[in-house]
Structures are given as structure tokens and as C-alpha cells.
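Q: Following is a predicted model, sequence given first.
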Amino acid sequence: MSTKLVILDRDGVINQDSHHYIKSLAEWIPYPSAIQAIARLTQAGWTTAIATNQSGIARGYYDETELKHMHDSLNALVAEAGGEIAHIAYCPHGPHDQCACRKPLPGMLIDIREALGLETLQDSWMIGDSLGDLQAGQAAGCQQALVLTGKGQRTLDRHPDISASDTPVFEDLAAFTAWLLHDGDSR
């Protein structure tokens, strides 16, 4: 039996993004509809995990303790709404560090697969707002969806072929969740 898994990018999908990085809990502003969407996924039997590039750590903008505060707050909000995040994978490296985890590479998704004891991610979804998110999902064998929050609209404007591909495009995580819970299971 396969686990129904949705892997989410964080900044721009679950919370507001910033060109100046999200450096503190005070700057981490979740989309209320995204928190509710994660809860709905949990309640419908889906497992959720997060794969997030956090190069602000390598750049010295914040440290892993501050990131933990953000993720503790995220977990608390999701739990309060009746949901659960099974695993959070993050890449603390910069774009030139030649790591295996930074999206568009699939390292974090493989980490999630291993942490959850899954053999494959072929029945899983990777939801993101950037081309790198989609590429990581594809490299890991996931289905992908683009949300237009965060950098999503800019990503679609720069890569209009996304909407012509098998990658569905949604206004936000709540719209993806509504689609998945009503239509997507039959895919």
C-alpha cells in the first residue's frame, strides 16, 4: 500500500515570500488558507511534508535555531487547525555549495521518502511556486503542481509552457487541495 503524500515548498506556498528572505519568526507570515489546506489534507488521509531551500542560513541572515522557531510555529498552527506535518526537510546551503539537497535537485525529496519509509514517490505530489520546485519533483518521480502565490505567477509568466504540460496550475494551496480531494484522487 502506498502512502498518499503531498510535499510542499514553504516560502510562497505556505507563507508569504520575500526577496529579502524570511529571517525571523516575526517575518514568517503564513497564508491562513494554506494552514487550513494542510489540515484538510491530513483529515482526508494525506501525509504532508515540506521541502524548503533555506540559503539564508548559508548567507548568515539567520541560523538554524531561528528556522526551528519558524517551523515550530508552523507545526503548532497546523496542529491547531487539525492537521499534521510528517517531516520538514530543508537545505541550509547556498546556490554555489554543490550540495545534493538544494532544489532543483531531488535530495530533500529523497530525504522525505526515506524518513517516511516509502519505496517510491510516484504517487506523491510536489507543490511549489518555482521552476526549481517542479524540477525537483520531476527528478524524484513525483507529480507536480504549480501554485500562483509567492513566485508562482512570475514562474508561469517566464515558463508559459508549464500550463500546457501535465503540470496543473492553481491559484493557491487551498485551490490545489480542493481539486485533489474532489477530483485528483481519480488521476
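A: Received it, and whenever you're ready, just let me know what you need. Predicted model only: the values in this text are computed from it and were never measured.
Q: buried residues in the lowest-mean-pLDDT helix or strand in the chain?
A: Every helix and strand in the chain was compared by mean pLDDT, DSSP states H and E; the lowest is helix 161-164, with a mean of 84. For helix 161-164, burial by neighbour count (16 or more other CB atoms under 10 Å) applies to residue 162. For every residue, glycine as well, the C-beta is placed using N, CA and C.
Q: ok, now stretch 111-121?
A: Those would be 111, 112, 113, 118, 121, for stretch 111-121 by 16+ other CB under 10 Å.
Q: So for it, mean pLDDT?
A: Stretch 111-121 carries an average pLDDT of 96.
Q: Over to stretch 90-107?
A: 96.
Q: ranges for the strands of this protein?
A: 5-8, 47-53, 87-91, 125-128, 143-147, 169-170 (DSSP state E).
Q: For the first one, which outside residues touch it?
A: Put plainly, it is strand 5-8. 14, 38, 41, 46-51, 109, 112, 116, 118, 121, 123-128, 137, 142, 173, 180 (CB atoms under 8 Å, 6 or more residues apart in numbering).
Q: same question, the last one
A: With CB under 8 Å, 6+ apart as the test, strand 169-170 has contacts from 145, 146, 147, 148, 152, 156, 162, 163, 176, 179.
Q: For those, which ChimeraX command selects only the ones that are buried?
A: Buried members of those, defined by 16+ other CB under 10 Å, are picked up in ChimeraX with:
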select :145,146,147,148,152,156,162,176
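Q: Where is pLDDT lowest across the contacts of strand 169-170?
A: For these, the minimum pLDDT belongs to residue 163; the value there is 80.
Q: which non-adjacent residue is nearest that residue?
A: Take residue 163 and drop its neighbours on the chain: the residue closest to it by CB to CB, 6 or more residues apart in numbering is residue 169, 5.2 Å away.
Q: pLDDT at that neighbour, what is it?
A: 96.
Q: got it, and residue 186?
A: Looking at residue 186, its pLDDT stands at 37.
Q: Good, we can wrap up now.
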